[in-house]
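Novice: The sequence and its predicted three-dimensional model are supplied below.
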Amino acid sequence: MIREYLRDAATSLIAILIGFLVGAIILQVAGYDPLYIYGSLINSAFGNYYVTLNTLTAMMPIMFTGAAATLMFKSALFFIGMEGQLYIGSITAFLVGHLLQLPAGLHAIIAFLAGGLGGLLWGLVPGYLRARFGVNETVTAIMLNWIAIHFTDYITQYAFADPKATIARTYKILPTAVIPKISPEVPLSWGFVVAVIATILTGYLLYNTVIGYEIRVVGLNPHVARVAKISIESTYLRVFLISGFLAGLAGATMVLGVFNSIVYRFSPGYGWDGITAALIARNNPYMIIPASLFLAVLRSGSIGMMVGAGVSNEMILVIQGVILISAAVPEAYILLARYVKARR
Amino acid sequence: MNKMNLSPVIALLDSALRLGTPIALTAIGELIAEKSGVVNIGIEGIMVIGAFASVVATYATGDPIIGVLVGVAIGALLGFLHGTLSTYLYADQIIVGMGIIFFGYGITAVGNAIIWGQPGFSVGVSTISHLVVRVGEASVSISPIFFLTIVLAILTYFVLKYTWVGLRLRSVGEDPEVADVLGINVFRLRLYATVVGGALTGLAGAYLGVDWGGRFVSYMSAGRGFIALAAIIVGGWEPLITLLASYLFGFFDALQLTLAQLYGKQVPPQLFQMIPYIATVVVFALFFRKARPPAAIARPYRRE
């Protein structure tokens, strides 16, 4: 058990190392100084109080989408529609925050939950199709992502576009629906705390409840699940519902706690970051917290990399891609270790 | 190429052929890989890299034919990477594919900014010359890559069905253990199939870069790799039906463009942009149940 954890952790760390190494080689070839670039990445993620807060703010949605992805992968479903669910969640949270009149506090809570509900509803169609008919969930996920993105564009640029705004965004939500900051000294949304709790609860659900046990059995071996009289259909459906709810909350926290409106294409890819987080956390929900910190550092660091060092912020996608490719071959490292041992 | 004197119906079919071709090429390539038991969702990333590489090569040499060849070569190389990891190193094929997608979106955007000093899109480059066909009063130009796509699909159909290469390929995808006992090198055959799949996907990318568009745009594959995956499943892993499904999906994309041209003033364009994806989901869900994938799909083979 401990050995397995250590092996998983080692694989992820090796993969991260390879990711940065290949990134450095590419930067060097392109004529940049990789050490300087990586330095400015770290600097703009942790350099001062203000940017550190930005990093933690980026970590908030990634924890939600990371927990959502973990549930999917744990049940051996490769649904990667978190980016779309995040956008739909941002719309439903915005609509409740903008259109309904409710007392402060309660309004924020209901708008927040509405965001989760939006993500959940967006996962219903692919979830039902997968659970009932076995329709490939990866393909439907991508289609629904694009539909969600274009639909959100319609909301931000057309249906609810604020003509007075200097950037493309919707009207502001009512002040009663705003998720407050933790304190004036720490202007970080309470959404961050909720995200940490949601991640831990996902871990509790998976390892300490019957539902979680069923999810893990179905993910490990559907045949065993069938013998044990676990309904695969309803397990898949449950996973889609809970995971979609979490991914929807990711969008809600950004709208209610950060922008107070939907900004055009506000997500630089938090849904995808959650997928990477789940994969380098090796589907352990508790490890989602450090993994999403790592991805948040890349996200907020990429801005400094672009502004300060002139490297396109998509450089972090290159690094993430190499990390994933390297993390997918754990046996390569075991073979390598064996080979080195044998040579001695 | 004068589109103005075409009737709207011919213009619609014309752009359906244009937009279906990259999907069809990718689908045929990936179908070959999947028949051998390897799933490469990284085709989405290979397509965008193929597009970028072809535009860069055309920009450097001025010859779009070289651009196409470079796109195919890069695609084959990425297929080789995916194939090696998922056979000899027992990789999780889906995660490697995911990594290739991230890498592809990232490296092309970074490279674009480095080469042309602007984010998002490249300068225009020359495109490969088309054949002009007269339709009544009007004339339609058809890409040679379109004809190549049709030929490749038919060829794939015959090779898979009637040759010993096809038989071996199907056997390693259905039952690698038995194939191995019969003396077929499962690893090598799967690697070859994935390389061919990557090459055709690279060609699809080059088509986007130096045929259809004449410039590179970040994220220009726009989910077409996944639409190709849908086409394979709807086509039930049959090359010719997959070809038809690809052009059906291309038609939805064309429909979106035509509608946006006709009604773009009255209806916001974002709503039209959703059409091809909605249509794909609907067709995909309706025709899903008939499909049966190769038995050993996505499962790494290990010798006992």
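Specialist: Great, that's in hand.

Novice: can you count the residues close to residue 11?
Specialist: Looking at chain A here, since you left the chain open. By the criterion of other C-beta atoms under 10 Å in any protein chain shown, residue A:11 has 21 neighbours. (C-beta placed from N, C-alpha, C; glycine too.)

Novice: nope, chain B please
Specialist: When counting by other C-beta under 10 Å, one arrives at 19 neighbours for residue B:11.

Novice: Check residue A:208 too.
Specialist: Residue A:208, neighbours per other C-beta under 10 Å, totals 9.

Novice: just residue A:37 next, same as before
Specialist: Neighbour count for residue A:37, taken as other C-beta under 10 Å: 22.

Novice: Could you do residue A:294 as well?
Specialist: Each residue near residue A:294 was counted by other C-beta under 10 Å, and the total is 19.

Novice: What pLDDT is listed against it?
Specialist: Listed pLDDT for residue A:294 reads 96.

Novice: Next: residue B:6.
Specialist: Model confidence at residue B:6, given as pLDDT, is 60.

Novice: How about the one 3 residues further on?
Specialist: Residue B:9 is assigned a predicted lDDT (pLDDT) of 82.

Novice: Pull out the buried positions in the helix or strand hosting it.
Specialist: Applying DSSP states H and E as the criterion places residue B:9 in helix B:8-35. The neighbour-count check on helix B:8-35 (16 or more other C-beta atoms under 10 Å in any protein chain shown) flags B:11-35 as buried.

Novice: So which of those residues reach chain A?
Specialist: Among the buried residues of helix B:8-35, no residue sits close to chain A (C-beta under 8 Å from any C-beta of the partner chain).

Novice: just how off-centre is the strand or helix carrying residue B:248 within its chain?
Specialist: Per DSSP H and E, residue B:248 falls inside helix B:239-263. The chain centroid and the centroid of helix B:239-263 are separated by 14 Å under C-alpha atoms, centre = their mean, to the nearest Å.

Novice: got a list of contacts for it?
Specialist: Under the criterion C-beta atoms under 8 Å, 6 or more residues apart in numbering or on different chains, residues B:8, B:11-13, B:15-21, B:23-24, B:27-28, B:31, B:149-150, B:153-154, B:156-157, B:160, B:227-228, B:230-232, B:234-235, B:269, B:272-273, B:275-276, B:279-280, B:283 lie in contact with helix B:239-263.

Novice: Could you see whether chain A lies near the next helix or strand after that helix?
Specialist: Note on helix B:239-263: by DSSP H and E, the next helix or strand toward the C-terminus is helix B:269-273. Yes: Helix B:269-273 lies within reach of chain A by C-beta under 8 Å from any C-beta, at B:270, B:271, B:273.

Novice: mind checking how far the second one is from residue A:263?
Specialist: The gap separating residue B:271 from residue A:263 is 20 Å, by C-beta to C-beta, to the nearest Å.

Novice: so where's the chain uncertain?
Specialist: With no chain named, the answer covers chain A. Chain A contains no residues with pLDDT under 70.

Novice: could you do chain B instead?
Specialist: In the predicted model, chain B carries pLDDT under 70 at residues B:1-6, B:289-290, B:304.

Novice: what are the ranges of the helices in it?
Specialist: Here chain B has its helices, by DSSP state H, at B:8-35, B:43-61, B:64-87, B:93-116, B:144-162, B:164-174, B:176-181, B:186-207, B:224-234, B:239-263, B:269-273, B:275-286.

Novice: for chain A, same thing?
Specialist: A:2-29, A:34-46, A:49-74, A:82-99, A:106-133, A:137-154, A:191-208, A:210-220, A:222-227, A:232-254, A:270-280, A:288-309, A:315-327, A:330-343.

Novice: which one of these lies closest to chain B?
Specialist: Taking C-beta to the nearest C-beta, helix A:315-327 is the member of the helices of chain A nearest to chain B, at 2.8 Å.

Novice: show me the contacts for the nearest residue to residue A:290 once chain neighbours are set aside.
Specialist: Setting aside the residues directly before and after it, residue A:290 is nearest to residue A:281 in space (C-beta to C-beta, 6 or more residues apart in numbering or on different chains), at 7.7 Å. By C-beta under 8 Å, 6+ apart, the contact list for residue A:281 reads A:12, A:66, A:70, A:287, A:288, A:290, A:291.

Novice: For those residues, pick the one with the most neighbours.
Specialist: With neighbours taken as other C-beta under 10 Å, the top of these is residue A:66, carrying 35 neighbours.

Novice: List the contacts of that one.
Specialist: By C-beta under 8 Å, 6+ apart, the contact list for residue A:66 reads A:199, A:273, A:274, A:275, A:277, A:278, A:281, A:288, A:291, A:292.

Novice: Let me have those in CSV, extended by distance to residue A:134.
Specialist: Formatted as CSV, those follow (distance: C-beta to C-beta, whole Å):
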residue, distance to residue A:134
A:199, 30
A:273, 29
A:274, 25
A:275, 22
A:277, 28
A:278, 23
A:281, 28
A:288, 28
A:291, 30
A:292, 31
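
Novice: Between those residues, which sits nearest residue B:98?
Specialist: Nearest to residue B:98 among those: residue A:275, at 7.1 Å, using C-beta to C-beta.

Novice: Hmm, the closest one is touching residue A:65, no?
Specialist: Yes: with contact defined as C-beta atoms under 8 Å, residue A:275 and residue A:65 form a contacting pair (7.4 Å).

Novice: Between those two, which contacts overlap?
Specialist: Shared contacts of residue A:275 and residue A:65 (C-beta under 8 Å, 6+ apart): residue A:82.

Novice: neighbour-wise, which of these two wins?
Specialist: Shown here are residue A:275 and residue A:65; by other C-beta under 10 Å, residue A:65 has more neighbours (36 against 30).

Novice: How about that one: what's its closest non-neighbour residue?
Specialist: Nearest non-adjacent residue to residue A:65, counting by C-beta to C-beta, 6+ apart: residue A:274, 2.6 Å away.

Novice: how near is the one you found to residue A:202?
Specialist: Residue A:274 is 12 Å from residue A:202, by C-beta to C-beta.

Novice: what sits against the closest residue to residue B:296 other than its chain neighbours?
Specialist: Residue nearest to residue B:296 in three dimensions, not counting chain neighbours: residue B:37, with 4.3 Å by C-beta to C-beta, 6+ apart. Applying C-beta under 8 Å, 6+ apart, we find residue B:37 in contact with B:172, B:173, B:174, B:176, B:190, B:294, B:296, B:297, B:298, B:299, B:301.

Novice: Write out the residues of the stretch 101-250 of chain B neighbouring chain A.
Specialist: For the stretch 101-250 of chain B, the residues in contact with chain A (C-beta under 8 Å from any C-beta) are B:101-107, B:109-114, B:119, B:218, B:222-223, B:226-227, B:229-230, B:233.

Novice: and those, which are buried?
Specialist: Burial by neighbour count, 16+ other C-beta under 10 Å: within these this picks out B:101-107, B:109-113, B:218, B:222-223, B:226-227, B:229-230, B:233.

Novice: can you pull the contacts of the closest residue to residue B:218 other than its chain neighbours?
Specialist: Ranked by C-beta to C-beta, 6+ apart and with sequence neighbours excluded, the top spatial neighbour of residue B:218 is residue B:109, at 4.6 Å. If a contact means C-beta under 8 Å, 6+ apart, then residue B:109 has A:312, A:314, A:317, B:119, B:120, B:218, B:219 as its contacts.

Novice: same check, this time on residue A:321
Specialist: Residue A:321 makes contacts with B:45, B:99, B:100, B:101, B:102, B:103, B:104, B:105, B:106, B:107, as judged by C-beta under 8 Å, 6+ apart.

Novice: pretty sure the last one is touching residue A:27, no?
Specialist: No: under the criterion of C-beta under 8 Å, residue B:107 makes no contact with residue A:27, lying 11.5 Å away.
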